[in-house]
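Enquirer: requesting a structural model of the entry that follows:
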Amino acid sequence: MGELWKEELANTLDSVGKAHEARENMRVWYRQAAEEGHPLARLRLAQMENPDLMDKPSAEPARTLLNDCLAKAAAGDFITLKGISEYVTPEQWEQLTATLRKKAQGGNARSQADLAYLMLFSYRSEESGYPEALAWARLSAGQGDPCGMYVLGRALIYEFGLEKRMAEGDSWMFRGALKGHVDAADMWSSNNENLQPYSAMMHGLAARGHIPSLLFLANQAAYPQNTGETAALDNGSTSACQQVKLTLNGGDANTPPWLRKPEQKGKEEDTPADAGTVPPWMTPSGRERQAPAPKTINPEAVKFWEQAVELGSLTGLDELANYYETVAGNVQEPAERQQLLASAMTAATALVKKEDVRGFKRLARYYGQGIGVQPNRELHKDYVLKAAETRDPEALVEKARLLIKGEDLEPDPKLALDILTDLEENQTHAVPGMHFLLGYLHEEGLGTPQDMALAYQFYIKGRNRTTPSA
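Expert: Numbering: from 1, shown residues only. Take a look at the predicted model:
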């Protein structure tokens, strides 16, 4: 689980909140595994405390931690072998993979899949080895191993060593998913959102505690789509994937594990049994529907979000707070609206307790605008500054605005200019208000000599990004 969250962190692009969530979940799972004696978890925890730890692998404590991992990998632990691939010498790597290669040569399908994975996706992968890796993946997949199907499908989809073969890769990914490979199911479903088995895949993955699926189902239940269009499908023919009829809790032996719900005590959940429907956010002709603003709370959506939160998802808390706030904005009854905003405040406060920047930003906005609470400029400022400490771009812009206006802070236009200039130079995406404030500072000559031409350029940039004030 820690390694999965580590991969999630690597794929997090520009969301400070999601990066924080991934990092904290990594810490939780690594700590639990370390207590159970897993050497890779101990190494990862040490790296989180000291990111430069492995710059000198021969020095303590790196040496001891790595040696423990080497012993675990030599005993055949694939997760550890994959995790330390960037820290071992070529000679050590050959020794560690020799046993795996011998098993693969002996016809072991899982070893063939693992060897192919390491040759394609690990730190030690080299383009010259792609053809051999694909051969191992095909041998494994040909024997019906779901891991081999996943590795082969992923390689074909992402063009490893050959021309992109999306259709063939998609087919192998689907077959791996049907055999119960959760990563294959996740990747296939994300690539094929408008195909029939998608709904059942999401419910099946959610039933296994898959957080992205829980969040997806929560959003679909919370923001129902306009189902007015009943046009026929664009193409009357169906693919092999679409012809497969999947059911949850199917008694058929072919029902994949991720569609079999774990046994539960008490009342069973009502779960759609038929996957053969067009996803609710798509029209039958394949166009995306527009979601009307929700006016009431859907308990099913809240249930999915709460399940994700119980599994450690801070994104679930943030989305739940946003849902309560959105519905409150469409409610006329003052008492009901206040109750919904109080729920939003509770979820936001829970985020703050986890030191999550999304909670800081949300409470800053609530106290700044008087959403569900009395306006409080001091608390607004405090939460803005806490959010800005995380280097969140939106929070930095708001901090700069406070510095320019001198609202509960000593006016410091020079510091505001430095913050905004650094942000403008290093941000790949424009932050709302950033260019307007830069234009204002140069127009008024605050913290910098007056420069009307430069101010105009910043205003133009802001206007092009639909900032009304610019």
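Enquirer: low-confidence bits of the stretch 51-200 of the chain, can you list those?
Expert: Across the stretch 51-200 of the chain, residues meeting the criterion (pLDDT under 70) sit at 159-164, 189-200.
Enquirer: can you give me the helices in it?
Expert: 62-74, 78-83, 90-105, 109-121, 130-142, 146-157, 166-178, 182-191, 198-207 (DSSP state H, counting those that start in this stretch).
Enquirer: and the next helix or strand after the last one with helix 182-191, angle?
Expert: In other words, helix 198-207. Downstream of helix 198-207, the first helix or strand assigned by DSSP states H and E is helix 211-222. Counting by axes from the mean of the first three to the mean of the last three CA atoms, to 10 degrees, helix 211-222 lies at 40 degrees to helix 182-191.
Enquirer: what's in contact with helix 211-222?
Expert: 186, 201-203, 205-206, 280-281, 294, 298, 300-302, 304-305, 307-308, 311-313, 315-316, 319-320, 323 (CB atoms under 8 Å, 6 or more residues apart in numbering). C-betas here are computed from N, CA, C, even on glycine.
Enquirer: next: stretch 309-324.
Expert: 17-18, 20-21, 24-25, 28, 209, 211, 214-215, 218-219, 222, 294, 297, 301-302, 305-306, 308, 340-341, 343-345, 347-348, 350-351, 354, 356, 358-359, 362.
Enquirer: show me which of these are buried.
Expert: 17-18, 20-21, 24-25, 211, 214-215, 218-219, 222, 294, 297, 301-302, 305-306, 308, 340-341, 343-345, 347-348, 350-351, 356, 358-359, 362 (16 or more other CB atoms under 10 Å).
Enquirer: looking at the residues you listed, which are in helices?
Expert: Among these, the ones falling in helices (DSSP state H) are 17-18, 20-21, 24-25, 211, 214-215, 218-219, 222, 301-302, 305-306, 308, 340-341, 343-345, 347-348, 350-351, 358-359, 362.
Enquirer: any regions of the stretch 351-470 of the chain where pLDDT drops low?
Expert: 427-429, 465-470.
Enquirer: please redo it, this time with the cut-off set to 90
Expert: 355, 372, 390-394, 405-410, 422-435, 458, 460-470 (pLDDT under 90).
Enquirer: hey, where'd the helices end up in it?
Expert: Taking DSSP H, counting those that start in this stretch as the test, the helices found in the stretch 351-470 of the chain are 357-369, 377-389, 393-405, 413-426, 434-444, 452-464.
Enquirer: surely residue 172 is in contact with residue 152?
Expert: Yes - if you go by CB atoms under 8 Å, residue 172 and residue 152 touch, sitting 4.8 Å apart.
Enquirer: more crowded one of the two?
Expert: residue 152 (31 against 26; other CB atoms under 10 Å).
Enquirer: how about the nearest residue to the more buried one, chain neighbours excluded?
Expert: residue 137 (4.0 Å; CB to CB, 6 or more residues apart in numbering).
Enquirer: same question for residue 325.
Expert: Counting by CB to CB, 6+ apart, the residue nearest residue 325 is residue 344, at 4.4 Å.
Enquirer: and residue 154, how far from residue 116?
Expert: 10 Å (CB to CB, to the nearest Å).
Enquirer: returning to what we had before: which of the contacts of helix 211-222 are buried?
Expert: Neighbour-count burial (16+ other CB under 10 Å) is assigned, among the contacts of helix 211-222, to 186, 201-203, 205-206, 281, 294, 298, 301-302, 304-305, 307-308, 312-313, 315-316, 319-320, 323.
Enquirer: before we move on, the earlier item: from residue 418, how far off is the residue nearest to residue 325?
Expert: Relative to residue 418, and taking CB to CB, residue 344 is found at 34 Å.
Enquirer: now do residue 85
Expert: 41 Å.
Enquirer: can you tell me which residues contact the residue nearest to residue 325?
Expert: So residue 344 contacts 321, 322, 324, 325, 328, 362, 366, 371, 372 (CB under 8 Å, 6+ apart).
Enquirer: give me the angle between the helix or strand containing the second one and helix 357-369.
Expert: The one in question is residue 322. Here residue 322 sits within helix 314-328, counting by DSSP H and E. Calculated by the same axes, to 10 degrees, helix 314-328 forms an angle of 30 degrees with helix 357-369.
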